[in-house]
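Trainee: Sequence first, then the predicted structure, then my questions.
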There are 2 protein chains.
Amino acid sequence: MAEEVILLDFWASMFGMRTRIALEEKKVKFDYREQDLWNKGSLLLEMNPIHKKIPVLIHNGKPVCESLIQVEYIDETWPGENPFLPSDPYQRAHAKFWADFIDKKVNVTARRIWAIKGEEKEASKELIDIFKTLEAELGDKHYFGGETFGYVDIALIGFYSWFGVYNKFGNMRIETECPTLTAWAQRCLKRESVAKTLPESEKVTTFISQRLGVE
Amino acid sequence: MAEEVILLDFWASMFGMRTRIALEEKKVKFDYREQDLWNKGSLLLEMNPIHKKIPVLIHNGKPVCESLIQVEYIDETWPGENPFLPSDPYQRAHAKFWADFIDKKVNVTARRIWAIKGEEKEASKELIDIFKTLEAELGDKHYFGGETFGYVDIALIGFYSWFGVYNKFGNMRIETECPTLTAWAQRCLKRESVAKTLPESEKVTTFISQRLGVE
């Protein structure tokens, strides 16, 4: 039976990017359907009635919601040669810890830089601290899991396309503050899956600036 | 080699309860070490330097943090006869979705009932809606995963010992509003792992009332 894989997504979503990268890494063909987040379509509401959020992965008619769960689902459904998660339980738990850290810390803090007036300075400082913590975890490894591009890389790399937004509204330069993380992002961008998925930083910055009515 | 399993925990933590129940279900002997959360010990700070939170599971000297990650780690390390998560990727993703829903919704909303003055009424209503959503997911199944006690049950059951707190501060009676969920909790309590782990609801209510200086 032919596989039917549909992704309900929005181009600038760093969460959606995780799922797109995961599908690209596994060479799974998918029908990408851009969603209007300000006027949500019936398929999105039907497939994710609880959160009503993108990304939604629909595999043979059945929805999988929440991006990290989608990445694990993709890893388990199309195991292939390069699993995203290691097989050792301790190493798996370690990778999940850092992906969870990213989910709990990065977006919550980063959003405060551009979405909440008055919090820019404090939130920028906090975001740099978070990125420095991630740099310490990365160390001199090629990817977060070692030699192989995997789960934590997929969880984090989409945020790189938002650095322009954080730099502009936080009045900083993450690339100077966090050179190790920036070098890692550049390495990730050499992968076809990532290069194909991440939008230009300028495009995201223009989009957010226009939404906020800022030059 | 003898296994060394240590759990840094706090008796009233519904997150710690998940890990205790998971260990009991797998018949893993562990050294339970009650932590003083208001004066954190050096082992806790050393083993969870990022979040500095309980529960921390230390297996043969190596720490695993975050309760749901611990439950998965325990499931993978001591697979035994009754896995917490099903083997089918779609069913696994489904269980992870609901555990994630519990993590994102239940505690955040429930805390507002007793910890934030003025939000009791609104938060109580929201909590009942969340529990009703969980009741709809449970349906007429014995446990969330069907016939077998598993991941979602473990993620949720600890909150039952806090119902007294929510009822008192939210001025409601969850057991009347959500009879299906209450019946499920009663079923879970028949398991030795759960009965042994959950504190008396009155004990939690007294503890929180005393901390808040409320009769």
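Mentor: Nice, thanks for sending it over.

Trainee: Spatially nearest residue to A:Phe159 (excluding sequence neighbours)?
Mentor: A:Met14 (5.1 Å; C-beta to C-beta, 6 or more residues apart in numbering or on different chains). All C-beta atoms are positioned from the backbone trio N, CA, C, and that covers glycine.

Trainee: neighbours around the one you found, how many?
Mentor: Residues lying near A:Met14 (other C-beta atoms under 10 Å in any protein chain shown) number 21.

Trainee: confidence score at it?
Mentor: You'll see A:Met14 listed with a pLDDT of 98.

Trainee: Check which helices and strands the helix ranked longest in chain A sits against.
Mentor: Ranked by number of residues, the top helix in chain A under DSSP state H is helix A:89-115. Identification of packing neighbours for helix A:89-115 by 3 or more C-beta pairs under 8 Å, 6 or more residues apart in numbering or on different chains; DSSP states H and E yields helix A:67-77, helix A:120-138, helix A:151-157, helix A:163-170, strand B:62-65, helix B:67-77.

Trainee: So for A:Val106, which of these sits nearest?
Mentor: helix A:120-138 (6.0 Å; C-beta to C-beta).

Trainee: Please point out which parts of the closest one sit buried.
Mentor: Neighbour-count burial for helix A:120-138 flags A:120, A:123-124, A:126-128, A:130-131, A:134-135, A:138 (criterion: 16 or more other C-beta atoms under 10 Å in any protein chain shown).

Trainee: Could you work out the most separated pair of those?
Mentor: A:Glu120 and A:Leu138 (26.2 Å).

Trainee: tell me the mean pLDDT over the longest helix of chain A?
Mentor: 97.

Trainee: Okay, buried residues for it please.
Mentor: A:89-90, A:92-103, A:105-106, A:109-114.

Trainee: Let me know the pLDDT of A:Glu200.
Mentor: pLDDT at A:Glu200 comes out at 97.

Trainee: What parts of chain A come near chain B?
Mentor: Counting by C-beta under 8 Å from any C-beta of the partner chain, chain A comes close to chain B at A:50, A:59, A:62, A:64-66, A:69-70, A:72-73, A:76-77, A:89-90, A:92-93, A:96-97, A:100-101, A:133.

Trainee: any residues touching stretch A:13-33, and which ones?
Mentor: A:3-10, A:43, A:54-55, A:57, A:67-68, A:70-71, A:74-75, A:78, A:80, A:82, A:84, A:107, A:149, A:154-155, A:157-159, A:161-162, A:191-194, A:196-198 (C-beta atoms under 8 Å, 6 or more residues apart in numbering or on different chains).

Trainee: tell me the domain ranges of chain A?
Mentor: Domain ranges of chain A: A:5-77, A:89-212, per the TED database.

Trainee: As JSON lines, the ones you listed with distance to B:Thr205 would be great.
Mentor: Shown next, in JSON lines, are the domains of chain A (distance: least, C-beta to C-beta, whole Å):
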{"stretch": "domain A:5-77", "distance to B:Thr205": "30"}
{"stretch": "domain A:89-212", "distance to B:Thr205": "29"}
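
Trainee: Of all those domains, which one comes closest to B:Trp38?
Mentor: Between the domains of chain A, domain A:89-212 lies closest to B:Trp38; by C-beta to C-beta that is 22.7 Å.
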